[in-house]
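>>> Provided below for reference: sequence and predicted model.
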Amino acid sequence: MTVTSEVTVTSDAQGMSQRPLVTLTTDFGTADGYAGAVKGVILGIAPEAHIVDITHEIAPHNIRQAAFVLHNVYPYFPPHTVHMVVVDPGVGSARRPIALRTLAGSFVGPDNGVFSFVMARERIEELVELANPRYRLPQTSYTFHGRDIFAPAAAHLALGVPLATLGPPVHDPCRLPWPRLEVSRGTVVGEVVHIDRFGNLVTSIGFLLWHGEVLEWRPAFGKAEGMRFRASGVRVRVEGVEISGVSHTYAEVEPGQWLALVGSSGYLEIAIREGNAAHTLGVSEGAEVLLQTDQGL
């Protein structure tokens with residue numbers, strides 16, 4: 001049985017119809033049919049929906065990785081987008097299924113902290129528990145809420161169903177603790193928050209903005225005063241490796257050499273040109289990273 005909606009399109013400020021847009025971020029992988037089942041449910045409710053796979057390769061059960069990836073991607077989508085995230089080790093437990101609306105988009109998934117970084121950046125316009133059975137599949141399993149609860153909710157929201165109709169308000173959403181970020185004069189201590197598929201170590205030290213050969217640092221997590229320093233005067237250390245200076249590009253060093261650079265999302269990254277920094281060091285998320293400079297401006 002397919003759940004249907006009485007609402008067919010959303011509209012922008014000029015009254016032009018918008019194609020429903022849903023993104024998916026999961027730890028399902030691609031070897032099984034889980035992602036396909038979720039898409040089938042969405043399309044059964046919203047046949048005109050455009051579904052974008054952000055990734056299905058989040059490490060199994062890694063809520064923080066999903067939160068960080070989502071945090072870096074959602075700003076590039078139009079504000080009518082519904083972002084569905086399913087990294088849900090607590091599926092079937094007392095954790096709540098939720099949906100929230102911000103000016104930058106709507107979000108659907110488990111209340112386990114996966115939306116922590118979004119909620120820190122965006123003002124929450126509305127936040128509800130997905131409790132209305134009308135917006136679930138008729139048969140709901142204990143182990144696949146992505147298909148049976150989150151996908152129907154995302155599809156209906158994409159069609160323009162008001163968030164408040166999906167369930168009661170939530171006032172105490174789960175939030176993850178901030179990544180480590182300790183600041184003193186000329187020193188920032190952070191941690192590895194993400195390892196990309198190339199083995200590059202993405203750190204919590206950001207946002208970094210280039211001004212010629214000078215870097216401006218603004219805290220991406222928590223509250224601290226920013227600083228400016230010359231990129232050439234920086235020392236970066238992780239697991240016994242010390243790197244002098246921050247590079248603009250990988251091409252500034254030879255293949256096999258270490259470098260620190262500002263990644264596309266503005267975070268300090270540690271890499272080996274054409275190599276795998278994570279495998280070489282044997283580090284994982286949470287490893288300490290130290291940035292020091294004697295040339296604060």
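Arrived safely.
>>> switch to C-alpha atoms for all contacts and neighbour counts from now on
OK.
>>> What's the end-to-end length of stretch 119-134?
27 Å (CA to CA, to the nearest Å).
>>> I meant to write stretch 77-84 there.
First residue to last in stretch 77-84 (CA to CA) measures 13 Å.
>>> what stretches of the stretch 151-297 of the chain score poorly on pLDDT?
222-224, 295-297 (pLDDT under 70).
>>> what about the strands in it?
Ranges of strands in the stretch 151-297 of the chain, per DSSP state E, counting those that start in this stretch, are 182-184, 187-195, 201-206, 208-211, 214-217, 227-230, 234-238, 241-244, 258-262, 267-272, 288-293.
>>> Which of the ones you listed sits closest to residue 168?
Nearest to residue 168, of all the strands of the stretch 151-297 of the chain, is strand 187-195, at 33.3 Å by CA to CA.
>>> So in that sheet, which strands flank that closest one, and in what orientation?
Its sheet considered, strand 187-195 pairs with strand 182-184 (antiparallel), strand 201-206 (antiparallel), strand 288-293 (antiparallel) by DSSP bridges.
>>> Quick check: which of these is buried the most?
Ranked by mean neighbour count, the strands paired with strand 187-195 are led by strand 201-206 with a mean of 28 (mean count of other CA atoms under 10 Å).
>>> and the angle from it to strand 234-238?
Orientation note: strand 201-206 sits at an angle of 130 degrees relative to strand 234-238 (axes from the mean of the first three to the mean of the last three CA atoms, to 10 degrees).
>>> that older thread, turn the strands paired with strand 187-195 into a markdown table, including distance to residue 34.
Listed next are those as a markdown table, based on distance: least, CA to CA, whole Å:
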| stretch | distance to residue 34 |
| --- | --- |
| strand 182-184 | 40 |
| strand 201-206 | 29 |
| strand 288-293 | 35 |
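>>> Give me the contacts around stretch 88-101.
Stretch 88-101 is contacted from outside by 61, 63, 106-112, 124-131, 142-145, 149-150, 163, using CA atoms under 8 Å, 6 or more residues apart in numbering.
>>> any idea how far that stretch is from the chain center?
Counting by CA atoms, centre = their mean, to the nearest Å, stretch 88-101 is centred 17 Å from the centre of its parent chain.
>>> Quick check: buried residues in that stretch?
For stretch 88-101, a neighbour-count test (16 or more other CA atoms under 10 Å) marks 88, 91, 96-101 as buried.
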